[in-house]
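Enquirer: got a predicted structure plus its sequence, pasted below:
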Amino acid sequence: MSIVKSEPLNTREALTERLGAWVDRHLPAVFLSPTVAFLILMMAFPIVFTLWLAFQNWIGGIAPAEFVGLENFRQLIFEDPRFWDALGHTFSFTALAVGAQVVIGVGVAHLLHREFVGRGIARSVFLLPMIATPVAVALVWRLMFQPDLGILNDILASLGFAGLDWTASQASVIPALALVDTWEWTSFIALIVLAGLSALPEWPYEAALVDGANGWQTFWHVTLPMVRPVIIVAAVFRLIEALKTFDLILVVTGGGPGFASETMNVYAYRLGFQYQRLGYSAALLIVFFLIILGITALLLRFRKTSS
Amino acid sequence: MGRRSFALILALAMIVSACSAETGETTTTPAPAETTTTGGGGETTTTAASEAFDWKRFEGETVRVIANQNPWEAAISPLIPQFEELTGMTVEFESLPEEQFRQRLQVELTAQSTDVDVFMSAVLQDGLRFTQAGWYEDLAAYAQNPDITSPDYNFDDFGDGLIEGHTIEGTLIGIPILTDVEMFYYRKDILEAANVEVPTTIEELEEVAAAIDDPNGTRAYGSRGRGAAAVTQLSTYLYNFGADWTDDSGMAGFNNPDGIAAFETYGRLLREYGPDGAVNNSWEELLPLFQQGQLAMWNDSSAFLGTILDPENTQQVVLDNIGYARMPTGPGGENNAFFPWALSMSALSDSKEQAWYFIQWATSPEVVAELQLSGVAGARTSTPFPDDIPQEWVEVVQYDLEIARPKLPIVIPVPEVRDAIGAAIVACIESEEDCASAVETAAEGFNAAVAASG
């Protein structure tokens, strides 16, 4: 009886031991495998699939996938004015938004760096827009922008100014969207720059004081050069994010009026999800990816040379 | 492709003729007592025959319905508990705003999802494309099958033309649930105060608008300006200026002097006399503006009647003074435009008979009669409008259904073509100088999209 019982136990023990030994021998592979599986499934596969898609003509429900070589890219670059418009909108939105955010953000960080009563509270309040859900923020701004019913024109009217068109005109829609992005993300730049400011040494300031520099001169010639690397890092982060902005634009304007605020991402979304032009949409996203990659590389090189 | 779109146009022409047959009947038949009693009127029609039909066959099972938020959806959703009680089934009813609705549905169907059982479908928007993709289950076989269709259903009650219009390549793609025309809503008190008559031509519309417009108060005229959404509203103008969306070969037919005049006039009316932000306004903005008394004249779907007459959201002064008129005519004559909705079954669904139970119930004589109480014009010829619906409205709908043409171009890539035309509408609202070239650009986009799909 006891022998019969102990036999399976022995084999089980042996199995466990063998398994243990195998795991010991391949420890790195075993530990890495969940991550690798995740990466393959969630990142490598979509990238490879997108690459494959970009060389196909595939219109959902209309034309099955068919290899067309570089046709999508040719059409995109040479025959599609909406692509170039979208590229222009993406850049002008990003330039306006990130430009404003860096200037205001550095200023705000400088203010918050000083000692004053209620500084803690001021810092927390200033960070609030960043915590809010982007789609919720966008919905609120969309209502505020409405020329007849929105509060922004009411405020302007009560101050004696004429109302603006905000997002209801092709001319002002991009600045209006950049305004929302600035409202939401300026605190991000301020936060990083503030950290940079607190890490600065005291002695250059003492030297400036001795030399008789005034407040502006100290800021311009002492503070700014010292925090510049930090500002560039913050700006690069924001730049990449702003180029990719999607939720805000889709919710507030949907790319309109007409196509006046249609950025690369919004156009890709329309192509992919509304026109079902899957291959063409993939080609556009690849071009867009290369552009972002190029800009980031340039900026990082600029940072290296400047530091 | 050319042949198919021709067939669809023919079929749509038949819808129109069927509707005229229908209108003849509705005017002569007095409303039966049970449809005019408001509230609970639907229950009176539960007859012995429908008790014999096994409504409980799929008790405990679930149907998933994807709906677009529109007047039909608003009217049917409070009735769904009745269906659940009748059948013991559960309905997962998802209703989304139009843009999200389209996107969700297409993504699920493209991904070959078996979870979608029933969906709302507009033959003008989706018909050709969904048929080509094989996403429609042919409903004819279900409607004729006595095992799963109640003897009370009376399928023949739907106008032949309307059924033909929803039959593409021999497939009945859906059971029609909502027919509409373009309605000209206006405020009688404002027009009277300015001592002007309801405009009957587009020219008169501009004169009346100039006479009554108050830039700091009630604006004279509203119609959709938000790009793609405005295309359905521009159709009546386009037709009344004597142009059409497509030419004989199925390519863009609106980039000619008549068409450009339509775009320019539409843009000028909205720029000069419309509410601020005209290029962002769709019915979601204009309907509340009209309800709050900030618009004197407004045209959109006749199906908004129920919403407009809702005293919860519409000011009393507006309620007391709403007029209903035909769309102003133009140099190209008198036309109107319509946009029917149907209830379709997904060919990929794994519970088709259950889905049919829902479609059958939602399009049954009792439910259609109940929906019609809230001004949702159904497609059954025997169901009259109740007496408490404004007669002016009924007259306009019945008149216009006879002359109505499709609100959208009959092409496969409708979303893309709508966006291209919509961009021109926005440009024409913003400035008259850029209008003609924007219409040309739209025509190029139109032709490129049609060529790519074809």
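Expert: That came in fine, so what should we check first? Please read all numbers here as calculations on a predicted model, not as lab measurements.
Enquirer: distance check, A:E184 against chain B.
Expert: Separation of A:E184 from chain B (Cβ to the nearest Cβ, to the nearest Å): 21 Å. Every residue, glycine included, has its C-beta placed from N, CA and C.
Enquirer: what sits against that residue?
Expert: A:129-130, A:132, A:134, A:137, A:248 (Cβ atoms under 8 Å, 6 or more residues apart in numbering or on different chains).
Enquirer: which helix or strand contains it?
Expert: helix A:173-198 (DSSP states H and E).
Enquirer: quick one: contacts of the helix or strand following that helix?
Expert: For helix A:173-198, the following helix or strand on the C-terminal side (DSSP H and E) is helix A:203-211. For helix A:203-211, contacts defined as Cβ under 8 Å, 6+ apart pick out A:217-218, A:221-222, A:226.
Enquirer: again, but for stretch A:249-256
Expert: Stretch A:249-256 has contacts (Cβ under 8 Å, 6+ apart) with A:93, A:135, A:138-139, A:141-142, A:145, A:167, A:173, A:176-177, A:180, A:260-263, A:265-267, A:269-270, B:99, B:226-227, B:279-280, B:426.
Enquirer: re earlier: and of the contacts of helix A:203-211, the nearest to chain B?
Expert: Relative to chain B, the closest of those is A:M226; by Cβ to the nearest Cβ it sits at 46.1 Å.
Enquirer: if I look at B:A404, how far off is B:F241?
Expert: 17 Å (Cβ to Cβ, to the nearest Å).
Enquirer: strands along chain B, start to end?
Expert: Applying DSSP state E to chain B gives strands spanning B:62-68, B:90-96, B:118-121, B:167-168, B:171-172, B:175-178, B:182-187, B:219-222, B:295-301, B:322-325, B:336-338, B:341-345, B:404-406.
Enquirer: ugh, wrong one, the stretch 1-150 of chain A
Expert: Remark: strands assigned in the stretch 1-150 of chain A by DSSP state E, counting those that start in this stretch are A:56-59, A:63-67.
Enquirer: nearest to chain B, out of the ones you listed?
Expert: strand A:56-59 (6.5 Å).
Enquirer: the closest one near chain B at all?
Expert: Yes: shown here: strand A:56-59 in contact with chain B (Cβ under 8 Å from any Cβ of the partner chain) through A:I59.
Enquirer: dump that strand to PDB, keeping only the CA atoms.
Expert: Output of strand A:56-59 as PDB, limited to C-alpha atoms (Å, rounded to 0.1, in the frame of the first residue of the first chain):
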ATOM      1  CA  GLN A  56      -2.100  47.400 -49.500                       C
ATOM      2  CA  ASN A  57      -5.100  48.900 -51.000                       C
ATOM      3  CA  TRP A  58      -7.800  47.800 -48.600                       C
ATOM      4  CA  ILE A  59     -11.100  49.600 -48.200                       C
END
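Enquirer: helices or strands up against that strand?
Expert: strand A:63-67, helix A:71-79, helix A:278-306 (3 or more Cβ pairs under 8 Å, 6 or more residues apart in numbering or on different chains; DSSP states H and E).
Enquirer: what about the second one, distance to the chain center?
Expert: In other words, helix A:71-79. 27 Å (Cα atoms, centre = their mean, to the nearest Å).
Enquirer: follow-up on the earlier one: redo the strands of chain B as CSV? Include mean pLDDT, mean neighbour count and distance to A:E17.
Expert: Shown next, in CSV, are the strands of chain B (pLDDT from 0 to 100; neighbours: other Cβ atoms under 10 Å in any protein chain shown; distance: least, Cβ to Cβ, whole Å):
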stretch, mean pLDDT, mean neighbour count, distance to A:E17
strand B:62-68, 95, 21, 50
strand B:90-96, 94, 16, 52
strand B:118-121, 96, 26, 58
strand B:167-168, 90, 21, 68
strand B:171-172, 93, 20, 65
strand B:175-178, 92, 24, 68
strand B:182-187, 96, 24, 81
strand B:219-222, 95, 26, 81
strand B:295-301, 95, 24, 75
strand B:322-325, 96, 19, 86
strand B:336-338, 89, 26, 78
strand B:341-345, 95, 27, 59
strand B:404-406, 85, 23, 76
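Enquirer: between these, which gets nearest to chain A?
Expert: The nearest among the strands of chain B, by Cβ to the nearest Cβ, is strand B:219-222 at 8.7 Å.
Enquirer: walk me through which strands that closest one pairs with, and which way each runs.
Expert: Pairing partners of strand B:219-222, with direction, according to DSSP bridges: strand B:295-301 (parallel).
Enquirer: and the contacts of A:E184, which of them are buried?
Expert: Applying 16 or more other Cβ atoms under 10 Å in any protein chain shown to the contacts of A:E184, the neighbour count classes A:129-130, A:134, A:137, A:248 as buried.
Enquirer: now for those residues: which two are most distant?
Expert: Using Cβ to Cβ, those span at most 13.3 Å, a distance reached by A:M130 and A:L248.
Enquirer: what stretches of the chain score poorly on pLDDT?
Expert: If you meant another chain, say so; for now it's chain A. A:1-9, A:306-307 (pLDDT under 70).
Enquirer: the chain in question should be chain B.
Expert: By pLDDT under 70, the low-scoring segments of chain B are B:1-51.
Enquirer: mind giving me the domain split of it?
Expert: Chain B breaks down by automatic domain parsing into domains covering B:2-180+B:340-405, B:182-337+B:411-452.
Enquirer: return the most buried member of those domains.
Expert: Highest mean neighbour count of these: domain B:182-337+B:411-452, a mean of 21 (counted as mean count of other Cβ atoms under 10 Å in any protein chain shown).
Enquirer: now that one, how far from the chain's geometric center?
Expert: That offset, for domain B:182-337+B:411-452, works out to 15 Å (Cα atoms, centre = their mean).
Enquirer: contact partners for the closest residue to chain A within the stretch 51-200 of chain B?
Expert: As assessed by Cβ to the nearest Cβ, chain A sits closest to B:A133 within the stretch 51-200 of chain B, at 3.2 Å. By Cβ under 8 Å, 6+ apart, the contact set of B:A133 is A:60-62, B:109-110.
Enquirer: ok, now with 6 Å
Expert: With contact set as Cβ atoms under 6 Å, 6 or more residues apart in numbering or on different chains, B:A133 has these partners: A:G61.
Enquirer: returning to that earlier point: could you dump the strands of chain B to CSV with distance to A:Q75?
Expert: Converted to CSV, these look like this (distance: least, Cβ to Cβ, whole Å):
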stretch, distance to A:Q75
strand B:62-68, 32
strand B:90-96, 32
strand B:118-121, 31
strand B:167-168, 30
strand B:171-172, 33
strand B:175-178, 38
strand B:182-187, 37
strand B:219-222, 38
strand B:295-301, 37
strand B:322-325, 47
strand B:336-338, 33
strand B:341-345, 33
strand B:404-406, 30
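Enquirer: out of the buried ones among the contacts of A:E184, who's near chain B?
Expert: Checked against chain B using Cβ under 6 Å from any Cβ of the partner chain, the buried ones among the contacts of A:E184 give no members in range.
Enquirer: with that, I have no additional questions.
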